[in-house]
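Peer 1: got a structure for you, letters missing:
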């Protein structure tokens, strides 16, 4: 079954690798979000869940924000940027934010690349390669790449 047509990457291997993007900002998969030990290891206080079908397991321990996104080229990721970036900014003021999707490869990575573009005036290319250096498995889908390139133009970077 080609799960990518369902809007997520099917991956049965446990992935607890965390990309430490900036102080107070990390990128990972649903496995990280569901591992209390890993969340505590990285002093996570806030979790931005941009996955589909992933439950927020520890609502009494962390502040959650869920934004349902599908990993499809025609999904409009830029419409959630303001909401996502506000949550990231608020979380970083008082702690550490994990941004995750199902595999931590496309949606969450695209949110973080967009965040760096907006907050640090990074080009798409610089943001992509920076995040890839922190979590080498990232691979935003082609539609997200196009939207991030358009976002770069919009930001006049």
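Peer 2: Done, it's in. Computed from a predicted model, the values in this text were never measured in an experiment.

Peer 1: and the contacts of stretch 16-34?
Peer 2: Contacts with stretch 16-34, where a contact means Cβ atoms under 8 Å, 6 or more residues apart in numbering, come from 11, 14-15, 35, 38-39, 42, 44, 47, 49, 51, 54, 56-57, 88, 91-92, 95-105, 108-109, 112, 115-116, 130-131, 134-135, 137-138. Heads up, the C-betas are built off the backbone N, CA and C, glycines and all.

Peer 1: inside helices: which ones of those?
Peer 2: 38-39, 88, 91-92, 108-109, 112, 115-116, 130-131, 134 (DSSP state H).

Peer 1: residue contacts, the spatially most central residue of the chain?
Peer 2: With distances taken as Cα atoms, centre = their mean, residue 108 lies nearest the centre of the chain, 1.9 Å away. By Cβ under 8 Å, 6+ apart, the contact list for residue 108 reads 27, 28, 48, 50, 51, 99, 100, 101.

Peer 1: list the buried residues of the helix or strand where residue 86 lies.
Peer 2: Applying DSSP states H and E as the criterion places residue 86 in helix 81-94. For helix 81-94, the neighbour count (16 or more other Cβ atoms under 10 Å) marks 81, 84, 85, 87, 88, 91, 92 as buried.

Peer 1: and that helix, what does it pack against?
Peer 2: strand 46-49, strand 63-66, strand 97-100, helix 107-120 (3 or more Cβ pairs under 8 Å, 6 or more residues apart in numbering; DSSP states H and E).

Peer 1: tell me the angle the longest one makes with helix 81-94.
Peer 2: Which is helix 107-120. Helix 107-120 and helix 81-94 are oriented at 80 degrees to each other (axes from the mean of the first three to the mean of the last three Cα atoms, to 10 degrees).

Peer 1: thinking again about what came up before, from residue 60, how far off is the residue nearest to the centre of the chain?
Peer 2: As judged by Cβ to Cβ, to the nearest Å, residue 108 and residue 60 stand 23 Å apart.

Peer 1: got it, and residue 135?
Peer 2: Distance from residue 135 to residue 60, by Cβ to Cβ: 28 Å.

Peer 1: please consider this matter closed, and thank you.
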